[in-house]
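1. Need coordinates for the below:
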Amino acid sequence: MAAALSGPNLLAQAAAPARKLRIAGIGVGGMGSGNLGNLAAENIVALCDVDHAFAAPTFAKFPAAKRWRDFREMLAKQDDIEAVLIATPDHTHAAIAMAALRAGKHVYCQKPLTHDIYEARQLAAAAAAAKGCVAVMGNQYHSSTGAHKVVEWVRAGVIGEVKRVVAWCSLNYRPFGNAPWATLTDTPPADTPPVPQTLDWDLWLGPAKTRPYHPTYHPARWRAWWDFGCGMMGDRGVHTLDAACWALDLTAPASIERLAIDGANEYIHPDKAHVRYQFPARGNFPALQLDWYSGERPAEVADLAGGRKLGDDEGGSVIIGSRGVISHGTYATEQLNLFPDTLMEQARKLPSTLPELRGSHEAIWAAACKGQGPVSSDFAYAAALTEMTHLGNLAIRLGGKIEWDAAAGRATNRPEAAALIRMPRREGWELA
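-> Have a look, this model is predicted:
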């Protein structure tokens, strides 16, 4: 026996191809196409989209995959699926992710994880209860070297005690000359063009309230509407705030306050907004103020920079310590700076304290599903980060100051916030 095991059988075992994860993509016409491209080494067995014309280019890339329109039917009838990748509009994330977890599937869900705070907490609990299921959010820069450096530098005390963070996104949903957004209106359109034959509009609406189809919502403009998207806070804030939230344990503010706004109404996200979070002391971290700006680069960033350009053309984050400053662009991998420059020598000597991650965020998830590596941005962390951005939107929508009881999940001074913390859902789309 010993001789046999040390000979050709071992060589054959070593040469055996790695097992491929059997994945279904749900919402594959937009961001989902890129996500699946990073998973092409796995086995893409199913593709599901409510609009088969929009998804056609992705269908063509994976011709062997079975095609579906309704994710519920797919999960019920196709039993070879091990894992699902979800890249639908924000308002349908929770319903699909919950169904997948209850079916015992691994889940990769695009950011932001959910459309409201209640959904985030429900998904975190469901993922914790789904033993053996690997569930992560698609904030891909969480798996970057840049994000790891920010966390390690802050936690090692390189910039000293941190009491202030300033973050921003310079974009809004109506830049001039950008055709997809140029026709965006401030209220739901009055005209009702016919629904394209390739689109199941009722399925696209999912848990959102019924309204007539219009091309201003699908395929890309949905992000600007409160009923479907989470604005720049959810769209870019989940990326831009990630490293600071991770490094400083910024998950439960004591209060959130809207200080400025321009362009929002009951239907649509603002063109500009300024929100201020106040965090209490957390473990070894002191109390902290975080300012978030949407739609503009705040003037105070220039003062913090000492003449340097901080962030990138889309946005950035500045973490201000008693000994120095860390800054990065919209994504933690871009425009990463540490100053004064003398601190860089100390930072370079720091040992790595976070697990080494290899490959794309999607590939790291696939490996974890197969028990071959660490998990990055699991639902426990992702739900807390997503909740923080929802709290910013809560302040944007209600105005004024909101006192937040994180343990109870309620705004203690604003009872009207309850309807936004847990938004109404259409019958048949309940989570619990």
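2. With adjacent residues omitted, what lies nearest to M31?
-> The shortest distance from M31 to any residue other than its chain neighbours is 4.6 Å, reached at A87 (CB to CB, 6 or more residues apart in numbering). All C-beta atoms are positioned from the backbone trio N, CA, C, and that covers glycine.
3. pretty sure the one you found is touching V28, no?
-> Yes. Using CB atoms under 8 Å, A87 is in contact with V28, at 6.8 Å.
4. in the stretch 151-300 of the chain, which spans are strands?
-> Along the stretch 151-300 of the chain, counting by DSSP state E, counting those that start in this stretch, strands occupy 162-169, 255-262, 272-279, 288-294.
5. quick one, which of the ones you listed is nearest to V136?
-> strand 162-169 (22.6 Å; CB to CB).
6. Now that closest one: buried residues?
-> Residues of strand 162-169 classed as buried by neighbour count (16 or more other CB atoms under 10 Å): 162, 165-169.
7. Return the list of helices and strands in contact with that strand.
-> Strand 162-169 makes packing contacts with helix 237-240, helix 242-248, strand 288-294, helix 299-305, strand 315-321 when contacts are defined by 3 or more CB pairs under 8 Å, 6 or more residues apart in numbering; DSSP states H and E.
8. Give the pairing partners of that strand; include direction for each.
-> Here strand 162-169 is paired, per DSSP bridges, with strand 288-294 (parallel), strand 315-321 (antiparallel).
9. ok, which stretches of the stretch 1-150 of the chain are helices?
-> Using DSSP state H, counting those that start in this stretch, the helices of the stretch 1-150 of the chain run over 2-5, 8-15, 31-37, 56-61, 71-77, 93-102, 117-129, 145-155.
10. what angle do the last one and strand 315-321 make?
-> With axes from the mean of the first three to the mean of the last three CA atoms, to 10 degrees as the criterion, the two stretches helix 145-155 and strand 315-321 enclose an angle of 20 degrees.
11. which residues touch the residue nearest the centre of the chain?
-> Nearest to the mean C-alpha position of the chain, by CA atoms, centre = their mean, lies K111 at 2.1 Å. Applying CB atoms under 8 Å, 6 or more residues apart in numbering, we find K111 in contact with 137-139, 234, 238-239, 382, 386.
12. what comes up buried for stretch 36-53?
-> Buried residues in stretch 36-53, counted by 16+ other CB under 10 Å: 36, 38-39, 42-52.
13. I misspoke; the intended subject was stretch 61-70.
-> By 16+ other CB under 10 Å, the buried positions in stretch 61-70 come out as 62, 65-66, 68-69.
14. biggest separation within these, which pair?
-> F62 and R69 (16.0 Å).
15. what would the buried residues of strand 162-169 look like in JSON lines with distance to A264 and pLDDT?
-> Output for these, formatted as JSON lines (distance: CB to CB, whole Å; pLDDT from 0 to 100):
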{"residue": "V162", "distance to A264": "30", "pLDDT": "98"}
{"residue": "V165", "distance to A264": "23", "pLDDT": "97"}
{"residue": "V166", "distance to A264": "21", "pLDDT": "97"}
{"residue": "A167", "distance to A264": "19", "pLDDT": "97"}
{"residue": "W168", "distance to A264": "17", "pLDDT": "96"}
{"residue": "C169", "distance to A264": "15", "pLDDT": "95"}
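16. what's the closest of those residues to K20?
-> Looking across those and measuring by CB to CB, the closest to K20 is C169, at 37.2 Å.
17. So the closest one versus H239, what's the distance?
-> Distance, C169 to H239, by CB to CB, to the nearest Å: 9 Å.
18. tell me the pLDDT at the nearest residue to G231 once chain neighbours are set aside?
-> Nearest non-adjacent residue to G231, counting by CB to CB, 6+ apart: H269, 3.7 Å away. Among the per-residue scores, H269 shows a pLDDT of 91.
19. ditto for R308
-> At R308, the model reports a pLDDT of 77.
20. Okay, it and I26: tell me how far apart.
-> Relative to I26, and taking CB to CB, R308 is found at 43 Å.
21. now the stretch 301-432 of the chain, which segments are flagged as low pLDDT?
-> Residues of the stretch 301-432 of the chain meeting the criterion pLDDT under 70: 305-306.
22. where do the helices sit along it?
-> Using DSSP H, counting those that start in this stretch, the helices of the stretch 301-432 of the chain run over 342-348, 361-369, 379-398, 418-421.
23. The spatially closest residue to E257 that is not a sequence neighbour: how many residues sit nearby?
-> Distances taken as CB to CB, 6+ apart put K401 closest to E257, at 4.2 Å, once the chain neighbours are dropped. The number of residues packed near K401 is 16, by other CB atoms under 10 Å.
24. Can you list the neighbours in contact with stretch 144-162?
-> Residues contacting stretch 144-162 (CB under 8 Å, 6+ apart): 141, 242-244, 246-248, 285-286, 288, 319-326, 328, 331-334, 336, 338, 343, 346-347, 350, 352-354, 357.
25. Of the residues you listed, grab the buried ones for PyMOL.
-> To isolate the buried members of those in PyMOL, using 16+ other CB under 10 Å:
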select buried, resi 141+242+243+244+246+247+248+285+288+319+320+321+324+325+326+328+331+332+333+334+336+338+343+346+347+357
